[in-house]
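Peer 1: Below are the sequence and a predicted model for it; my questions follow.
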Amino acid sequence: MSKNITKKARAVGINHVALEVGNLAEALAFYDQFLEFELESQSETAAFIYFW
């Protein structure tokens, strides 16, 4: 039986993006489902992520 492995998308050529969301934790969980990123830092109102 073969396993169904899905790779996450990698950002290419993005310099800076700002998103305003209602719930930071939910937004990070949502984007983590399909984008490969590292959480650089986080506060109550902001998160800074790094694409590699």
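Peer 2: Done, it's in. Residues are numbered from 1 along each chain as shown.

Peer 1: show me what contacts residue 42?
Peer 2: Applying Cβ atoms under 8 Å, 6 or more residues apart in numbering to residue 42 gives the contacts 24, 48. C-beta: built from backbone N, CA, C; applies to glycine.

Peer 1: Quick one, grab the pLDDT at it.
Peer 2: We have a pLDDT of 95 for residue 42.

Peer 1: now swap in residue 14 and tell me
Peer 2: 69.

Peer 1: Counting by contacts, list what the helix or strand of the chain at the bottom of the mean pLDDT ranking packs against.
Peer 2: Using mean pLDDT, DSSP states H and E, the weakest-scoring helix or strand in the chain turns out to be strand 47-51, at a mean of 89. Under the contact criterion of 3 or more Cβ pairs under 8 Å, 6 or more residues apart in numbering; DSSP states H and E, strand 47-51 touches helix 24-32, strand 37-42.

Peer 1: how about those, which one is nearest residue 13?
Peer 2: Judged by Cβ to Cβ, the one of those that comes nearest to residue 13 is strand 37-42, at 14.8 Å.
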